[in-house]
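In: Generate a structure from the sequence data that follows.
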Amino acid sequence: MAATSIASRSAFLFTTRLSLPNPNFTLSSFRIQGSASRFLRQELNIHQRFFGVLASMGTFLLNRSVGRSASVSMYMSYSTTIPTRSLRRRISKRKQLSTKPVLDESKFQETISNLPPRFTPEELADAITLEEDPLLCFHLFNWASQQPRFKHENSSYHVAIRKLGAAKMYKEMDDIVNQVLAVRHIGNENLYNSIIFYFTKAGKLIRAVNIFRHMTTSKNLECRPTIRTYHILFKALLGRGNNSYTSHMYMETIRSLFRQMVDNGIEPDVFALNCMVKGFVLSLHVNDALRIFHQMSVVYNCQPNSFTYDYLIHGLCAQGRTINARELLDEMKGKGFVPNGKSYNSLANALALSGEIDDAEKCVWEMIENGRVVDFITHKTLVYESCRKGKYDEATRLLEMLREKKLVDRDSYEKLVNVLHKDL
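Out: Below you'll find the model as predicted:
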């Protein structure tokens, strides 16, 4: 009985064909072809919203399946929707990954023949340095690993990792890094710093942090982190924050690294302290940034530079604290530093928004005298706030001076005029 049931079920052959139909698809579009010895019943539950989707239509339920053969033809439309930008980017990336570079065998053999019979790791490092093809360098490194009486040292590991990292061949670089980690006596601070640097360039922060942990726990004192190691990690973490929330998340990691650096007896320099100031500003913790600023000369015996003042002025202006920002600006200029364009533009915008139109205009002209570029947002804010305060004559005079001195292009000038006329 069971064999008969299996045989009767396998007697039906369903063939699904997809083509371009008309959109008014109904159940009558199905055509059942073939002969059946008994009555064939099929239950098809097809919803209209699935029409137009490029897929194979579902499972056909047979209540009674007795017969010889049957075939079902279904006609559906293919999607003609234009691929999104992200989809096109993924397709392009897959094509790039699928088109792997090919090794030039003749050049490879020529490079091998130029090596001495018993070459040293330094001679191999020189050959890899002179070679422009990173793929050939990778194969040359692997070929040398298989040679008898040869062992890689820090020099050959280092130059191969730098060559592959600069060429963005991170998978091949990772293979060599694993070889470095497998040999206990191999490695030094410069080698590991390069590994961390290229991992951060590849966006592999977790891998970079793991290398850093390996350095801190290594029994080889030459592998221990230095101030340069922390510089690389600070810069990479600061570059990951796209907004104040993500900057706050990464700032917690930066703060932990900074505390660990100080606990290990490494004195922070101005770059490390500026990273702390910038991180606090980006995460909207300006008071913490000011605390680091006041501790620089007292606690860490390090004088702030122009970048320190620029970060702080920008952060204070973002919070509307124009009084503190101007105090720092005066202190900065008293030390002979010239604020950058971002600091000037932030201060001019903050002054205009707080109603100090005259001071904002003075800040703009001071920018121009110091060779800094005034962006369009600053011009627009100054014109708009002047009109909002009823100072239409001052706004008109400012526009004319900008046009006469050719400080704005024609398109920007017309946009500013539209802002002025909109408020008149």
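In: wait, Leu398 sits on Lys362?
Out: No: using CB atoms under 8 Å, Leu398 is not in contact with Lys362; the gap is 11.7 Å. (Glycine included, C-beta is placed from N, CA and C.)
In: Those two: who's more crowded?
Out: Between Leu398 and Lys362, Leu398 has the larger neighbour count (other CB atoms under 10 Å), namely 21 against 13.
In: Helix or strand next in line after the one helix or strand the more buried one maps to, which one?
Out: Per DSSP states H and E: Leu398 is located in helix 392-404. Going down the chain from helix 392-404, the next helix or strand is helix 410-423, by DSSP H and E.
In: coming back round to it: who touches the helix holding Leu398?
Out: Here helix 392-404 makes contact (CB atoms under 8 Å, 6 or more residues apart in numbering) with 357, 361, 379, 382-383, 386-387, 407-408, 413, 416-417, 420, 423-424.
In: Please identify the buried residues of stretch 263-283?
Out: 266, 268, 270-283 (16 or more other CB atoms under 10 Å).
In: now, among these, which is nearest to Leu233?
Out: Closest approach between those and Leu233, by CB to CB: Cys275, at 9.3 Å.
In: Quick one: residues contacting the nearest residue to Met261 once chain neighbours are set aside.
Out: Nearest non-adjacent residue to Met261, counting by CB to CB, 6 or more residues apart in numbering: Tyr230, 5.1 Å away. The neighbours of Tyr230, taking CB under 8 Å, 6+ apart as the test, are Leu257, Phe258, Met261, Ile266, Ala272.
In: just Phe337 next, same as before
Out: Counting by CB under 8 Å, 6+ apart, Phe337 has contacts Asn305, Ser306, Tyr309.
In: Secondary structure element holding Leu312?
Out: Here Leu312 is assigned to helix 306-318, by DSSP H and E.
In: For that helix, C-alpha coordinates in PDB please.
Out: Extracted in PDB, the C-alpha atoms of helix 306-318 (Å, rounded to 0.1, in the frame of the first residue of the first chain):
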ATOM      1  CA  SER A 306      47.500  75.600  18.600                       C
ATOM      2  CA  PHE A 307      45.600  72.400  18.100                       C
ATOM      3  CA  THR A 308      44.700  72.300  21.700                       C
ATOM      4  CA  TYR A 309      43.200  75.800  21.600                       C
ATOM      5  CA  ASP A 310      41.400  75.100  18.300                       C
ATOM      6  CA  TYR A 311      39.700  72.000  19.700                       C
ATOM      7  CA  LEU A 312      38.500  73.800  22.800                       C
ATOM      8  CA  ILE A 313      37.300  76.900  21.000                       C
ATOM      9  CA  HIS A 314      35.300  74.800  18.600                       C
ATOM     10  CA  GLY A 315      33.800  72.800  21.500                       C
ATOM     11  CA  LEU A 316      32.900  75.900  23.600                       C
ATOM     12  CA  CYS A 317      31.200  77.600  20.600                       C
ATOM     13  CA  ALA A 318      29.200  74.500  19.900                       C
END
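In: Can you tell me what sits against the longest helix along the chain?
Out: The longest helix of the chain (DSSP state H) is helix 244-263. With contact meaning CB under 8 Å, 6+ apart, helix 244-263 is reached by 225, 227, 230, 233-234, 237-238, 240-241, 268, 272, 275-276, 279-280, 282-285.
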